[in-house]
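**Student:** generate a structure from the sequence data that follows.
(chains A, B and C)
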Amino acid sequence: MRQFKRVAAAALFGSLGVAMAGLPAIVPAARAQAPAPAASGLLAQGEYVARASDCVACHTAPGGTPFAGGLPFALPMGTIYAPNITPDAQTGIGKYTEAEFARAVREGVRRDGASLYPAMPFPSYARMTDADIHALYVYFMQGVKPVANTVKASTIPWPLSMRWPLIGWRMMFAPSVKDAQAKSARSFADPVLARGAYLVEGPGHCGACHSPRAITMQEVALTSADGTRFLAGGGSVDGWIPTSLRGENRTGLGRWSEDDIVEFLKAGRIRRGSAFGGMSDAVGHGTQHLTDEDLHAIARYLKALPPDDTTQTPWTYDATLATALHAGDVSARGARTYVDSCAACHRTDGQGYPTVFPPLGGNPVVMDKTPDSLIHIVLTGDILRATHDAPSAFVMPGFAGRLSDEKVADVVSFIRKAWGNNAAPVTAQDVARVRKSLPKEEGEAPLPLN
Amino acid sequence: MQGLAGAAALTSTTLPVHAARSAGESAYSPTFFTPAEWAFLHAACDRLIPQDAVGPGAIALGVPEFIDRQMATPYAFGKLWYMQAPFVQGPANLGYQLPYAPRDIYRKGIAGAATFVQAKYGKAFGDLDAATRDEILSGFEKGDTLFGDLPAKIFFAQLLGNTMEGAFSDPSHGGNKGLGGWTTIGFPGARADFMDWVDQYGKQYPLGTVAISGETA
Amino acid sequence: MASIKMKSVDAVVIGGGWAGSILAKELTEAGQSVVMLERGPDRSTASEGAYPGSIDELEGNFRHKIFQNLSKTSVTIRNTPDQTALPYRQMAAFLPGEGVGGAGLHWSGVHFRMPPDDLIMRTKVKEKYGEKFIPEGMNLQDYGVTYDDLEPFFDKAEKVFGTSGEAYTVNGQVVGKGNFFAPSRSDNFPLPALKDVYGANMFRKAAEEVGFHPYAMPAANASAQYTNPYGVQMGPCNFCGYCSGYACYMYSKASPNVNILPALRNDPKFELRAEAHVLRVELDSTKTKATGVTYLDRKGNEVFQPADLVIVSAFQFHNVHLMLLSGIGKPYDPVANEGVVGRNFVYQNVTTTTAWFDKSVYTNQFIGTGGGGVAFDDFNSENFDHGPLGFIGGSPVWVNQAGIKGIAAAKIGGPPGTPHWGSAWKKAMVDTYQHSVRMDAHGTNMAYRDVYLDLDPTWKDAYGMPMLRMTFDWKDNDIRMNRYVVSQIAKVTKAMGARDVHLGQRQPGEHFDTRFYQTTHLAGGAVMGDDPKTSALNRYLQSWDVSNVFVIGANAFPQGTGYNPTGMVAALAYWSAHHIRTTYLKNPGPLVQL
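**Tutor:** I've put the predicted structure just below:
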C-alpha cells in the first residue's frame, strides 16, 4: 500500500469519462539532437530541479529503477501506470527534443500530441523557468541512464480510455506557460518570498496534494494570489488527508516557526510532528535534498499565507486527561485503549517523544476536520523514513488487528479531544469506511533496517 | 503404547474440568496428543496448577491446549537444541543428554507414567484422587523412577516447564485464557509502558492486563 | 555446492554485533572497502521488535527467538580435564546471540567502564599483597592497556550508545553523586541517569545508611530521546522490561542495529552479507598472513572472500573457535601451561539475593530496565583491602530490576523451600511477586591453568567442524570472594526492612552447572597483553602471529570482570580501530615489535 499511489479524487476521472493512458511515446518523429555533453554544473542543477519537482515519486515503480516508470495508479475504472522517463529511445523519453520535453512538462502534451493526465502536475510546472527546464532536460538526457522498461498498458477499457476530453480540461484549467510565468513574476515583499512562491507553486507542486480540488479535478487555486483556498488542505491521497499549509492555528502551520518548517522538510521530524504517509516520501525523495536557502524561502512563503479558516481559537495545552491517566484513571471513553496501545510511544501526556515519536496534543493532523489520516495511521501504521540528516527510520505498527472499529473510534475521538485538542469525535462507521477504503497491500513493504 | 488403554477412562474425571471452562468456548481438539495422552495431560496439569481460591487452574487457563499447540512448533521437534550424536550420559550438571525432543519426551513420558501408575495403583492416573496424584507427581519430580531410558524427572520437568509457560504466556499461544494467569499475579501483560509508574513508589499498579491481541482483563 | 571466489576487499569483518559494527564503521570512515559477514539473519527493530507483537515472553526469553540456534553449532562443556565434555544441547547457562546486531540486539544495556586497577590486576596485586598472594594455578595477568589509554574510547562508546548515568568526577572535579570509586572522566555521560525503580531506590537509601556508596548504574538504555554522533536517534526507555532477550521496540536500548548500522548500511564502501557462516580465516603458506576468509553462503556455496585485513569480531568463544580452526596462534596446552589460544578462559561469578517485603509494599517487579538500577562498588576491584580476606577479585552489588514477567515469576515461585507447583506454590508466588526485591553480586572470575578452551575430539557442528570444548569450574578463590561480598548484602537488606531474605551464595566445592542461567558474560580465551607467551593478542588486539588479523571481543579479557563486558568490548573496539586507522593502514605489519 505504501508503495502504491492513487490519484486524489479519482472519481473525477469517471465524471470526465476518461482515464489516463499509459503514455509511452508511440509516434516516431525527428530524432532529438544529441546534445553536447553538459557541464557538470548544469547536470547538478538539473538533478536539483528534478529533486525539487519530485519526479522520482511518481515515475518509479516500487523497488524499481528510478524514473523507469511503472508505478500503478488505481482508478475506479482500471489501473494506469506512470511512464518511463529515462532517456531510453524506445520505451522512455530518449526521442524527446527539449521543446517537446518542455511542452510535456509544462503543458501536459505528449510528444505525439496526446494529452497527459492531470496527475502530472503540469498546471504547476507551467511556471517553471526556461533555465530550469533546460537543466532538467539535460539531466534527464545525460545524467539519467536509459532503462529499457515498457510499462504495463492501462487496464482501462474503451471508451473510457479515450484521451480527447483531456484537451478540453487543459484548455479550461491549465494555465499557459506565459500566464503562469507572468503570475510568478508578481511582486513580493522580498526576493526570498518570491523564490519561495516559485518553488511551492512551481516545481514543488505542493498544491497538487495540499490544495482542494473542484469536482472537475482542477486545484481551486494555483497560487497564493488566487485566494485563501490555495494550500488550505487537500483531498485524500492514498487514504491520507494532506493538511493545510496555511496559518490556521490548530490545523495549519500557525504555530510552526520558519525554522520548524525548514527542519521538517529536511529531516521529516520536528518537535511538533513527524512526516508520514505521502509526506514521508516527499521529504525522502525531494525536500531533504534542497538547500537551506530554498527551504527557508519555502518556509517563509508558507508562513506568509493567512489562514483560510479564520474561526480557530489558539491551541493551548490542557492537562486534565493527562493528569487522570497518570493517576491510573482510565474512565474516559477511549482512555483505556489509548493507555494499552498508544501511550507507550505518544505518552499519557500526549506530548510523545518528539523527533522520535511525535506529539499528538496540538498536532495539526490530529485536529484536521477530516479524521481519515488519524484513523488510517492507527489502522495501518506507517514508516517515518530515514533521511540524510536523520538516518534513523521509525516504524509505527498498525493496530487493525488489535482494535475493533469501535475501539479505534473511541481512541481516535479521545486523541482528538485530549490535551487541548478540540476536534469532533469519530464514529465506528467512520472507521469502517476508512478501513474499507484502504488500498490493498501489494506485498509487504520492505521494513527499514534499524 | 501399551498401558495407555486404561488411561482412556480418564475422560470421566476430566469432564467436570472441561465443564468448568467458560460457557460458549469451543472445546479444543488436540492434534498431537492421543485421547488417552490428552486425558493424562489434563489430570496432571490440573494438579500442577490447581483451581483454587487464589485463582484459576491450568485447565481453565487452557494449558493442555497450549502444550498441544507447542507440539507443532520447531521447539517440540528439537530444532532449537543441539541434537547431534553421540548421546553420552554424564553428571546432571552438564545438562540434558538424551536424544529426545519434547514430542518424544511427552510420548514416552506419558506412556511410562501410565504404565507406572497402572502397575502401582491398578488404576489410571486420572481415576486417582488429587492427593494420590500429587504424591505420584512428587515422586516423578524428586525420585529416580525411569520410564525405559527416560528419567521421570526429565519428563516431569518438561511438563512443569510447559505448564508454567502455558499459564503465564500471551494468550495468543493458546493458554492464559481470559488472561487469568496474569490477573492472578497482577502482571499487566503486553502494555509494556511504565513511564508514569516507575517513580510512583510503593503504589499498587492500578491498570488491568492486556494481551497482544488487545484482549483486556 | 559451488566454490566461489569474490572480488578482494580492503577488510572483511566477521560478525555483525557491536565489535564488528564498530570496526566496520571506523574502517569505512577511513576509506576502506568493508564486507561484513554475519552468520545469522538480518535483523532490525522493525522486524524483531514491532509493538505489541514482540512483547512476548515465551518467544523472547523461552524460545530464544533472536539468540543463537544451537541446532547448528554449540559447544561441549566439562568441569575438569579428566571428564568427558558433553554438548551444551539446550540454551540455559549462557545465551549467545546470532544475526545482525548479535548479542548486542538482545542484551540488557548495562554499560560500564573498566575499573583502572582491573586492567593492571597482576601488577596491583603484587604491589599491594605480594606475589605469593596469587594462588597456585591462577593465571593472573594485566591487559597491557591502562584506563588512561582507553578513556577517550570509553567516552566515544558512551556517546555512540547514548549512555545514561551520573558521573562522580569529570576532569578531576566532583560533579555529581555517581560512583565514588569510578575513575575520573573526560566528559559527563551523554544522558542523565535513568530513574530508580522503587526496589532500587530502597536499596540506594539502605546502602547509604549502612555506609556504602550507592550510585546509578550506567545504562545504554536512553533516559531521554537522543541523537548520537552518527546522527542516528534513540527513543527514551519507558521501563517496559523487555530488554534482555528482545529487540527494544522503543529504540531506546542501544544496539548495533539502532546506533551504528543506519549510518553504515547506505555507505557504498560497506556491504553486509547475512547468513554467511565463516568456516575459517585463510592463511598464506608462511602462516603469518591472512589472505581472506572462507564462508558458506545461505545456499551452501563455499565462498572465498579475499581481503587485506581480517577482523574477527564474533562472540567471545566463536572468536577463539575460529582462531583454533584457522591455525592462528598456538593452541593452549594446560599441562605444559604453554600456548595462548584457549588460555585464560573465564566467566563471571553471579549470584542473586532476594528480599521479601510486607504485602502492603508494592515493588512492582514487572517495571524495569535492562541496564538501569542502583549499585555499590565498595567490594569491587581494589576498592577494599583483600589482605585479611585472602582472595583476589570482587563484586559490584546491585538492584538491576530488568522486568520480571509472568513465566519467569511462575518459575521463580516463592522463597526457597516452597514447592514448585500446586496450591502452596501458587499462593507463595502471588504473595511475593509484587513484593520482592532481587539483587545481584556480580563478581569477578579469575583465570586458572586448568580452565580453558580447545577443540572437542568427538562432537562436530552442522558444518562438519569440531566444536569448541569448554573446561570450566568454580574455584575456591572465587567462591570465597562471592560468599564474603554476599554476606555484606545482609546489612543492606536489614536496613531495607525486608520481612525475609535469602542470601544467594555459592557453596564451597560447588560445580559449574550448565542447566541454569548464570550470565552470558563469557570472556578470555584469546587474551590481550604485552607478552606473546601469555597472550594471543598484543595491546591493540592484533594477533601476535598473523599481523593482518585483529580479534575484537571479550575474548581479550585476561580475567572475568565484575562489570558487564560490553562497555569494555566497545572501548577496545574503538581503541583497536583507532590504531588500525592511525598506524596500521599506513604501514601494515605488527603494531608491537618485540
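**Student:** quick one: the residue of chain A positioned farthest from its centre from C:A408, how far?
**Tutor:** The centre of chain A is farthest from one residue, A:A327, which by CA atoms, centre = their mean lies 40.5 Å away. A:A327 sits 29 Å away from C:A408, going by CB to CB, to the nearest Å. Placement of C-beta: from N, CA and C, glycine included.
**Student:** what do you get for B:A60?
**Tutor:** 22 Å.
**Student:** next one: B:G208
**Tutor:** Taken as CB to CB, the span from B:G208 to C:A408 is 21 Å.
**Student:** in the strand or helix carrying C:V350, what's buried?
**Tutor:** Element membership for C:V350 (DSSP states H and E) is strand C:349-356. By neighbour count on 16 or more other CB atoms under 10 Å in any protein chain shown, the buried set for strand C:349-356 is C:N349, C:V350, C:T351, C:T353, C:T354, C:A355, C:W356.
**Student:** select the longest helix from chain C.
**Tutor:** helix C:476-496 (DSSP state H).
**Student:** over to chain B?
**Tutor:** helix B:102-121.
**Student:** what's the average pLDDT for the helix or strand that that one is followed by?
**Tutor:** Scanning forward in sequence from helix B:102-121, with DSSP H and E defining helices and strands, the next element found is helix B:130-142. Mean per-residue pLDDT for helix B:130-142: 98.
**Student:** which strands and helices sit next to helix B:130-142?
**Tutor:** Packing partners of helix B:130-142 (3 or more CB pairs under 8 Å, 6 or more residues apart in numbering or on different chains; DSSP states H and E): helix B:35-48, helix B:102-121, helix B:152-168.
**Student:** how about it: buried residues?
**Tutor:** Buried, per 16+ other CB under 10 Å, within helix B:130-142: B:T132, B:R133, B:D134, B:I136, B:L137, B:G139, B:F140, B:E141.
**Student:** between those, which sits nearest chain C?
**Tutor:** B:D134 (6.4 Å; CB to the nearest CB).
**Student:** residues contacting residue 208?
**Tutor:** Assuming you mean chain A. Counting by CB atoms under 8 Å, 6 or more residues apart in numbering or on different chains, A:A208 makes contact with A:A8, A:P121, A:S124, A:E219, A:G234.
**Student:** switch to chain C, that's the one I care about
**Tutor:** Per CB under 8 Å, 6+ apart, neighbours of C:E208: C:P214.
**Student:** of the contacts of A:A208, keep whichever come out buried.
**Tutor:** A:A8, A:P121, A:S124, A:E219, A:G234.
**Student:** one step back: and chain C, is the longest helix of chain B touching that?
**Tutor:** No - using CB under 8 Å from any CB of the partner chain, we find that helix B:102-121 stays clear of chain C, coming within 10.5 Å at best.
**Student:** what's that helix packed up against?
**Tutor:** helix B:35-48, helix B:130-142, strand B:146-147, strand B:150-151, helix B:152-168.
**Student:** so which bits of whichever helix or strand comes after the last one are buried?
**Tutor:** Note on helix B:152-168: by DSSP H and E, the next helix or strand toward the C-terminus is helix B:180-185. Residues of helix B:180-185 classed as buried by neighbour count (16+ other CB under 10 Å): B:G180, B:G181, B:W182, B:T183, B:T184, B:I185.
**Student:** where along the stretch 151-300 of chain A do the helices fall?
**Tutor:** A:165-173, A:177-184, A:191-201, A:207-210, A:258-267, A:277-281, A:292-303 (DSSP state H, counting those that start in this stretch).
**Student:** contacts only, for the residue nearest to C:I4 when sequence neighbours are not counted.
**Tutor:** Of all residues not flanking C:I4 in the chain, C:V303 sits nearest, at 4.6 Å (CB to CB, 6 or more residues apart in numbering or on different chains). When contacts are counted by CB under 8 Å, 6+ apart, C:V303 touches C:S3, C:I4, C:K5, C:M6, C:A276, C:T294, C:Y295, C:L296, C:D297.
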